[in-house]
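Participant: can you look at this prediction? I've put the sequence above it.
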Amino acid sequence: CYNGIDNDKPHCYNNGTLHVEGNTKEPVNCATCDCPKEWKGADCKLCASLDSCPLRNGTEADSCTSDTLLPRLLELTETEGKQYRCTCGLPTDIYSTNLACSQLPMANYHVSVSYDPDYPLDQKNLVTKIVSYAGIPSQANLPKLHYKTAYPEVWEGYWKGCQWVQEDCGKCPSPYPNACPWTTDDLCYTMRCSDTGAVQCPPSYVQKCPGYTLDSCGPSPDKSGSGEVLNWWQHHCNEMVTPVADNLKLMCLAKPNATGHFFCWFSQEGSSTIGMGMSATTSTSVSKPSASPKPSTPAKPSSSRLSFLWQ
């Protein structure tokens, strides 16, 4: 994992260590971290319980916010934003999600939602940032020169004008029946981003392979045992599963399952990206508030199908 270590991507928090396998077919090699039991998430940044949370500026943590997708005020002001870690796949969708996930097996997504500096304290104009990681072949394998451009980072992007809204889940956006793990009357929290952001593949700090095109790399000096020229190796962004910089919609069941996972559906209107089911976890160590109390979870609307949070 030379490139992952040199770039410190993904960074492993809280004494986590980068997951390394010698198997070139290992789908999470160099893309996730092995975490102590007190921490979770692909980068060990999510607290597993309140007992895991350290002191922040000498103040004990008030909670480990793993039971709701909604950000608390203190998560947006005193931390790096509300943190989510997502993986591709839903237990109820064996069609469209399987097709999407097969493009990047075991891909994981680091998601943060924070205030927009241009709209401080405005919870209707949040910024959502996502970095996608996927496993790479072991760079120690021989011949290895063509793995020099192998990075676990796939793409990164941000979207502005974001807000969480509460709504009935309604009809599943998948074209396949029973793909979504909810009924029309279940309560969902939906992240909607209306403003343009930016998506870059690969991320700006990743060196593109020689001869880079949208779906391939040029030939490297390495050859296989049979004398076949080996191309440079690098993740590419299949347009079926790579978002665009316009609108973004992430609809999730409001309540987690027994293992603390929220089931979500990612989609973008007007793009070639196919809908994709995702499983998300979240938690942030939040200090005890000194002034503003945490917002209560909004009730399910009775008179309107859609209600905006924190109006």
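Facilitator: Everything's here; your move.
Participant: list the contacts of residue 208.
Facilitator: Under the criterion of Cβ atoms under 8 Å, 6 or more residues apart in numbering, the neighbours of residue 208 are 149, 202, 234. The way it works is simple: take the backbone N, C-alpha and C, and place the C-beta from them, glycine included.
Participant: neighbours of the last one, how many?
Facilitator: The local packing count at residue 234 equals 22, with neighbours defined by other Cβ atoms under 10 Å.
Participant: name the SS class of it, please.
Facilitator: Following DSSP: H, G, I helix; E, B strand; the rest coil, residue 234 is assigned to coil.
Participant: would you agree it is in contact with residue 217?
Facilitator: Yes. Here residue 234 reaches residue 217: they are 5.5 Å apart, a contact under Cβ atoms under 8 Å.
Participant: now for those two: what residues contact both?
Facilitator: With Cβ under 8 Å, 6+ apart as the test, residue 234 and residue 217 both reach 149, 209.
Participant: possible to save the contacts of residue 208 as JSON lines with distance to residue 261?
Facilitator: Below are the contacts of residue 208 laid out as JSON lines (distance: Cβ to Cβ, whole Å):
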{"residue": "149", "distance to residue 261": "34"}
{"residue": "202", "distance to residue 261": "28"}
{"residue": "234", "distance to residue 261": "31"}
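Participant: closest one to residue 278 out of those residues, please.
Facilitator: Relative to residue 278, the closest of the contacts of residue 208 is residue 202; by Cβ to Cβ it sits at 21.1 Å.
Participant: wait, that closest one sits on residue 235?
Facilitator: Yes. Here residue 202 reaches residue 235: they are 6.8 Å apart, a contact under Cβ under 8 Å.
Participant: so what sits against both of these two?
Facilitator: By Cβ under 8 Å, 6+ apart, the residues touching both residue 202 and residue 235 are 151, 153, 154.
Participant: filter those down to just the ones in strands.
Facilitator: For those, the ones inside strands are 153, 154, with DSSP state E as the criterion.
Participant: okay, and the spatially most central residue of the chain sits in which element?
Facilitator: Centroid-nearest residue in the chain: residue 109, 2.4 Å away (criterion: Cα atoms, centre = their mean). Taking DSSP states H and E as the definition, residue 109 sits inside strand 108-115.
Participant: now do that strand: everything it contacts.
Facilitator: The set of residues that contact strand 108-115 without belonging to it, under Cβ under 8 Å, 6+ apart, is 10, 28, 31-32, 42-43, 71, 76-77, 80-88, 121-122, 126-134, 162, 191, 278, 280.
Participant: selecting buried members of those residues in ChimeraX, what would you type?
Facilitator: Command for ChimeraX, covering only those of the contacts of strand 108-115 found buried under the criterion 16 or more other Cβ atoms under 10 Å:
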select :10,28,31,32,42,43,71,76,81,82,83,84,85,86,87,88,126,127,128,129,130,131,132,133,134,162,191,278,280
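Participant: mark which of the contacts of strand 108-115 are part of strands, please.
Facilitator: Secondary structure assignment by DSSP E places 82-88, 126-133, 162, 191, 278, 280 of the contacts of strand 108-115 in strands.
Participant: separation between residue 169 and residue 113?
Facilitator: Applying Cβ to Cβ, to the nearest Å, one obtains 20 Å for the distance of residue 169 from residue 113.
Participant: the more surrounded of these two?
Facilitator: Between residue 169 and residue 113, residue 113 has the larger neighbour count (other Cβ under 10 Å), namely 27 against 22.
Participant: tell me the contacts of the spatially closest residue to the more buried one that is not a sequence neighbour?
Facilitator: Excluding its sequence neighbours, the residue lying closest to residue 113 (Cβ to Cβ, 6 or more residues apart in numbering) is residue 82, at 4.6 Å. Neighbour list for residue 82: 65, 69, 71, 72, 75, 76, 112, 113, 114, 282, 284 [criterion: Cβ under 8 Å, 6+ apart].
Participant: can you map out the helices along the stretch 1-150 of the chain?
Facilitator: Counting by DSSP state H, counting those that start in this stretch, the stretch 1-150 of the chain has helices at residues 2-7, 73-77, 96-101.
Participant: I'd like these laid out as JSON lines, including mean pLDDT and distance to residue 15.
Facilitator: Putting those into JSON lines (pLDDT from 0 to 100; distance: least, Cβ to Cβ, whole Å) gives the following:
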{"stretch": "helix 2-7", "mean pLDDT": "87", "distance to residue 15": "16"}
{"stretch": "helix 73-77", "mean pLDDT": "85", "distance to residue 15": "23"}
{"stretch": "helix 96-101", "mean pLDDT": "67", "distance to residue 15": "30"}
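Participant: out of these, which gets nearest to residue 254?
Facilitator: It is, among these and with distance given as Cβ to Cβ, helix 73-77, at 17.3 Å.
Participant: with neighbour numbers in mind, choose between residue 202 and residue 235.
Facilitator: When neighbours are counted by other Cβ under 10 Å, residue 202 and residue 235 differ, and residue 235 comes out ahead with 24 against 21.
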